[in-house]
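# What follows is a predicted structure for the sequence shown.
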Amino acid sequence: MTAATMTGRAHRFGDDINTDYIISGRYKFKTLDHEELAKHVLEDIDPEFYDKLHSGDFVVAGENFGCGSSREQAPLALKWAGVGAILAKSFARIFYRNAINVGLPILITNTTQIRDGDTIVVNLEQGTIAITGRDLTLPTHRFPPEILEIIGAGGLVEYFRKYGRWHFAD
């Protein structure tokens, strides 16, 4: 289960980060090896991103994160690289859904005040994003309990492996 509270560092990116920037077609069409794809996440924007990333860190972006193709490799590669969550002003609709499907938390918030390297504490249940040492808390949406369960299970496939069916009404 994904912890309700996550802590990590911010890695800032701009607006319109498309799925080809997240994981280039030169990789996503050649391999499904998780480790190999993870090494190339966002390298066309920041060639050293993977080396700077620590497990649980956050990608912070502006508007329209995940625009472009609807392939699931983009949110999967971010998850495989160890990204704890993505914080952005807005997401492309299909990317948003794919991220939930693979168990990668994505949070809509005004990211303007988040700086590269900030330490962030995200509480998924409360819908809050706190910037450590700056007395700054940003609101975000609270996921419904069903979505938290899907994210906590590691995505839809893992949810169904665990439960074999929807069990929300139980």
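Done, it's in.

# quick one, strands of this structure?
Using DSSP state E, the strands of the chain run over residues 5-12, 58-60, 85-88, 106-108, 119-123, 128-131, 136-139.

# what's the nearest residue to residue 67 once chain neighbours are set aside in contact with, if anything?
Spatially, and ignoring its direct neighbours in sequence, residue 67 is nearest to residue 92 (4.2 Å; Cβ to Cβ, 6 or more residues apart in numbering). From N, CA and C alone the C-beta is placed, and that goes for glycine too. By Cβ atoms under 8 Å, 6 or more residues apart in numbering, the residues touching residue 92 are 64-68.

# could you redo the last one with a cut-off of 10 Å?
16-19, 63-70, 74, 98 (Cβ atoms under 10 Å, 6 or more residues apart in numbering).

# One more: residue 76?
22-23, 28, 32, 34, 37-38, 41, 98-99, 101-104, 155.

# Next one: the residue nearest to residue 67 from residue 98, what distance?
Distance from residue 92 to residue 98, counting by Cβ to Cβ, to the nearest Å: 9 Å.

# and if you look at residue 144?
Using Cβ to Cβ, one gets 18 Å for the distance from residue 144 to residue 98.

# who touches the least confident helix or strand in the chain by mean pLDDT?
Within the chain, no helix or strand scores below helix 25-28, which has a mean of 74 by mean pLDDT, DSSP states H and E. Helix 25-28 is touched from outside by 19-20, 22, 33, 36-37, 39-41, 43-44, 69, 71-74, 76-77, with contacts defined as Cβ under 10 Å, 6+ apart.
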